[in-house]
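1. Everything below, folded, please.
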Amino acid sequence: MDNNNPQNNSVYRPASPSVPAYNNASPVYTPYRPAFIEDEATINFREKMARKLGLASIIYAVFGTFCLYKNLSGITMPFFGIATLAYMVYGLNLYEVEMKRTSWFYGFIILALSVSNFLTGNPTILFFNTCGIFLMLFIFLLHNVYDDSRWSFSKTAMAICEAFTFSFGALDDFGKDMKVLKERSSENEISDDKKHMIKYVGIGLLVSIPVVGILLLLLAGADVVFSNILSNCFVFDFHFGTLFGITTTFVIIFLSAYCIMRFFSKKTIKEEVEDHRNLEPLVAITVLSMVSVIYLIFSMIQIVYLFLGGGQLPYDYTYSQYAREGFFQLLTVSIINFLMVLFVNNHFKESKALKVLMTTISLCTYIMIASSYVRIMMYIDACLLTELRIWVVWGLTVLTLLFAAVIISIFKHEFPLFKYCIIVVSVMYVIIGFVRMDYVIADYNLTYMDTIEDDVAYQDYEYLKKLSTDAAPAIYNHDPENAEMYIKKNHGFYEDRSWRQFNISAYTAELLAED
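-> Residues are numbered from 1 along each chain as shown. Reported below is the predicted structural model:
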């Protein structure tokens, strides 16, 4: 057998002397597997991605690094939101994907969240805004690339997780795309005229650096205003840590943008929706029957004791103490009910009894939400506002709106529950993001401070000092004597901000501190 003949389907490998019974070993044949060769269309597409999407990703990464490096709350955030939308639209056009009208709602939410970052100094809002922009990015792409009109809640949620996870796998495509570009570029060498043009442009740039530097120094010395503008606009820190941070930010944005868009170009997520409603409904009926009985008893107690104010209260309990307890537990139970009804509705066979039980649980959940709402409002009345209490009220309002859709989906399985949930949650979140809750907290608490107990008032004063710069106008308006201590704790956010980091909340606090 000729081992060098490429026509052979196997390769001869002599036995290794490290194997026992080497002298009696037989020849080992390993099947020959030729390397996979991509077709011309795939190679052309890789070159197109490397050239066009790669260049767009570099531009986007440069601009994104300028906007985001040590700056998630500056004036550059709205421009980053616009750049993100433009980059995604450009990438989808490369795949010849037609934009859907409803996708612009998700684009609007991305822009609204980026503007909210520019307006607020609340770290919680800043964090959730950033996460929301990232989430809406995936929803925007999924909605345009795939036919998600029949996707269920769980299918859409899984598609988002799949897109996020497998975007990392597109790093392999990035390597292959760049390899094809390198091979094609070596085949089509740059002409001598282009080489000379690049050479002369480079020489011109090198010569311009000292000339521009000297002119700027002279003009800065001639005019103080021009000098201040230069100082504010061109402040560079050439420490190694800064250089490393900028480089890391650029690489992360570039690779993330390229890999996410490259993943969607392959369209690997299955559009078909599998019907998982194949479990025996009797199991769910048994479980939900017991849960419904417990919920009905609990709901009757809430109606009698809390809403109507009748009945015998527990020993040593006042009505206000009873009302102010348990809202966090009830909020948690309401969320569990939401997930439980979704699971049962999507995984068990249809049954009239099951629909009745799920509807009963949903209606009981409304009573729990109302109970939790009454409790948290009485707690606010006794102990004033905090950020967590506002989030509880917001969450209860959102759950109220979501459960209306859950009840509809019980009887109409085709109802677009996920889209409804995204619209409700995103709109409600944008509202709370623009409200500036720290201002609301400070204004409300300082208005009603005299109506609460002294020890609670002292704790609330300490809490107000920890609020973000959003609360500065309310604190200076109601309590200018204690405003100095508050402003000292926030000086790190509003001081020494460059024009790139300009933030409305920080600027307002700085103006008030100077007065």
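
2. OK, contacts around the spatially closest residue to Y69 that is not a sequence neighbour?
-> Distance criterion CB to CB, 6 or more residues apart in numbering; nearest residue to Y69, sequence neighbours excluded, is T249 at 5.0 Å. Heads up, the C-betas are built off the backbone N, CA and C, glycines and all. Taking CB atoms under 8 Å, 6 or more residues apart in numbering, we find T249 in contact with G64, T65, L68, Y69.

3. how much space between L171 and V180?
-> Distance of L171 to V180, computed by CB to CB, to the nearest Å: 15 Å.

4. Please say which of those two ends up with more neighbours.
-> Remark: of L171 and V180, V180 carries more neighbours, 21 against 13, as counted by other CB atoms under 10 Å.

5. Doesn't the more buried one belong to a strand?
-> No: under DSSP: H, G, I helix; E, B strand; the rest coil, V180 falls outside any strand and is assigned helix.

6. tally of neighbours for the closest residue in space to it that isn't next to it in sequence?
-> The shortest distance from V180 to any non-neighbouring residue, by CB to CB, 6+ apart, is to R46 (4.3 Å). Using other CB under 10 Å, R46 has 21 neighbouring residues.

7. Keeping just the C-alphas, turn stretch 122-135 into PDB.
-> C-alpha atoms of stretch 122-135 as PDB (Å, rounded to 0.1, in the frame of the first residue of the first chain):
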ATOM      1  CA  ASN A 122     -29.000  57.300  40.800                       C
ATOM      2  CA  PRO A 123     -26.600  54.300  40.600                       C
ATOM      3  CA  THR A 124     -29.500  51.700  40.700                       C
ATOM      4  CA  ILE A 125     -31.200  53.400  37.700                       C
ATOM      5  CA  LEU A 126     -27.900  53.700  35.900                       C
ATOM      6  CA  PHE A 127     -27.200  50.000  36.400                       C
ATOM      7  CA  PHE A 128     -30.700  48.800  35.200                       C
ATOM      8  CA  ASN A 129     -30.600  51.300  32.300                       C
ATOM      9  CA  THR A 130     -27.400  49.700  31.100                       C
ATOM     10  CA  CYS A 131     -28.700  46.200  31.500                       C
ATOM     11  CA  GLY A 132     -32.000  47.300  29.700                       C
ATOM     12  CA  ILE A 133     -30.100  48.700  26.700                       C
ATOM     13  CA  PHE A 134     -28.300  45.400  26.400                       C
ATOM     14  CA  LEU A 135     -31.500  43.300  26.700                       C
END
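
8. ok, so what distance separates the residue nearest to V180 from V251?
-> 21 Å.

9. same deal with I37?
-> Taking CB to CB, one finds I37 at 31 Å from V251.

10. Those two: which is more packed in?
-> Taking other CB under 10 Å, I37 and V251 do not tie; V251 has more neighbours (12 against 7).

11. would you say that one is within a strand?
-> No: V251 sits outside any strand when classified using three-state DSSP, being helix.

12. Quick check: closest non-adjacent residue to it.
-> A61 (7.8 Å).

13. Just the buried positions in the helix or strand hosting the one you found, please.
-> A61 is located in helix 54-68, with elements delineated by DSSP states H and E. For helix 54-68, a neighbour-count test (16 or more other CB atoms under 10 Å) marks G54, A56, S57, Y60, A61, F63, G64, T65, F66, C67, L68 as buried.

14. what does stretch 283-296 give?
-> Residues of stretch 283-296 classed as buried: A284, I285, L288, V291, S292, Y295 (neighbour count, 16+ other CB under 10 Å).

15. Which one of the residues you listed is nearest to P123?
-> Here the nearest of those to P123, counting by CB to CB, is Y295; it sits at 37.4 Å.
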